[in-house]
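>>> Can you look at this prediction? I've put the sequence above it.
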Amino acid sequence: MTIVPEGCLDPEGCVDMVGHRVSGWAWLPAEPGRRLRVEVLFGNPPMLVEALADQHRPDLESAGKGDGQHGFAVPLPDSLAGREPVVDVRLTDFPGVRLRGTPRRAILTLGLVTLRAIRTMDGDLRRLRGFLAGMVRLNGGCVDTAVPSVADLHAWLTGRDTGRNGEDDCWTDRCWLVAERGGRMVGHCRIGPGWPAPPGSGALALGIELHPDIRGFGLGRQLMLAAHRWAAGRCARLELAVLPHNAHALALYRALGYVDLGPAALPETGEIHHRMAVALPAPHGSVWHTGRSVILVN
């Protein structure tokens, strides 16, 4: 008798893209040759479109997901053109199972987006935490362990996480930018001390995250350029870390001038990332005080 590990009895899958079409994948490790049925629900009340996850995807095959024939793609119904319906994807034969990466909104035109620095007011910090929590849930993570509290966000922004007593210089080495569309946060970029930038090196760390609804419109590039403008004159370079398989992010960072510094392990989990950096301009004749040395800028 073959004993199937308990985890393999559960279906796996993810929604990769929502826009003119909804695409993703779904498979059952316990029955790798089975093609799962998916239900794509558009709007409320929902319009239901059924599909079979039987399209071949080389990335799934390379990742060991059976023979790779577990992809699906469903076009946005013509009747919903001009709207931005919420999209949910479920598995027909597994009631209550929702694919990772849903629910999502089908956005076809980005429109006006505002970039601004987060404020230390309680309401602003709560909105930021709400956005961070939503991103963790969307990726199947645990909010309690992965999302800082409002107090922790305030401490980081004001520098009190490093023992500072006042807020007079809290903006000199850190900033948290957010992107808002129609009053809704859709992305953020944090610049400040921390991993992977070594302490005393003259570098600050950059971390960026966009809601998947608005990826592919060039907003990530604009958010990073805004971060570069803020950091120029405040540090010698920006450093970031990216997972090796994140091809889209790697292409963007390299296009913006980031160079690869080699592998770096995430302190909390040991997961290996690419460490990358970009040099920033500084006023003519200024100096960077790194704590260990002084770098002259001509």
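The structure has been received and is ready for your questions. Numbering: from 1, shown residues only.

>>> Quick check: residue 155 touching residue 125?
No. Checked against CB atoms under 8 Å, the pair residue 155 and residue 125 is beyond contact range at 10.5 Å. In short, each C-beta sits where N, CA and C put it, glycine included.

>>> Residue 9: how many residues sit nearby?
For residue 9, the count of nearby residues is 11 (other CB atoms under 10 Å).

>>> residues touching it, list them.
Residues counted as contacts of residue 9 (CB atoms under 8 Å, 6 or more residues apart in numbering) are residue 30.

>>> And the one 10 residues further on, by the same measure?
With contact taken as CB under 8 Å, 6+ apart, residue 19 is in contact with 76, 106, 107, 108, 216.

>>> Make a ChimeraX selection of whichever of the residues you listed turn out to be buried.
Buried members of these can be picked out in ChimeraX with the line below, counting by 16 or more other CB atoms under 10 Å:
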select :76,106,107
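
>>> Turn the contacts of residue 19 into CSV, columns for pLDDT and distance to residue 129.
Below are those laid out as CSV (pLDDT from 0 to 100; distance: CB to CB, whole Å):
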residue, pLDDT, distance to residue 129
76, 95, 32
106, 95, 26
107, 94, 23
108, 93, 29
216, 90, 26
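
>>> From the contacts of residue 19, pick the one nearest residue 100.
Taking CB to CB as the measure, residue 100 lies nearest residue 106 of the contacts of residue 19, at 17.6 Å.

>>> So that closest one is in contact with residue 42, correct?
Yes. Look at residue 106 against residue 42 with CB under 8 Å: they come within range, at 7.4 Å.

>>> okay, and the common contacts of these two?
Common neighbours of residue 106 and residue 42, counting by CB under 8 Å, 6+ apart, are 76, 80, 85, 86, 87.

>>> Out of these, give me the two with the largest separation.
Spanning the widest gap among the shared contacts of residue 106 and residue 42 are 76 and 86, at 12.3 Å by CB to CB.

>>> so what sits against both of these two?
When contacts are counted by CB under 8 Å, 6+ apart, the set common to residue 76 and residue 86 consists of 42, 106.

>>> Bridged to the spatially most central residue of the chain, which residues?
Most central residue of the chain, judged by C-alpha distance to the mean C-alpha position with CA atoms, centre = their mean, is residue 209 at 3.5 Å. With DSSP bridges applied, the residues forming beta bridges to residue 209 are residue 188.

>>> three-state assignment of the nearest residue to residue 214 once chain neighbours are set aside?
Of all residues not flanking residue 214 in the chain, residue 186 sits nearest, at 4.8 Å (CB to CB, 6 or more residues apart in numbering). Classification of residue 186 by DSSP: H, G, I helix; E, B strand; the rest coil places it in strand.

>>> Correct me if wrong: residue 186 contacts residue 113.
Yes. Proximity of residue 186 to residue 113 meets the contact threshold set by CB under 8 Å, at 7.1 Å.

>>> Between these two, which is the more surrounded one?
residue 186 (23 against 16).

>>> Which parts of the stretch 101-250 of the chain are strands?
Counting by DSSP state E, counting those that start in this stretch, the stretch 101-250 of the chain has these strands, from start to end: 104-105, 114-117, 175-181, 184-192, 203-210, 237-242.
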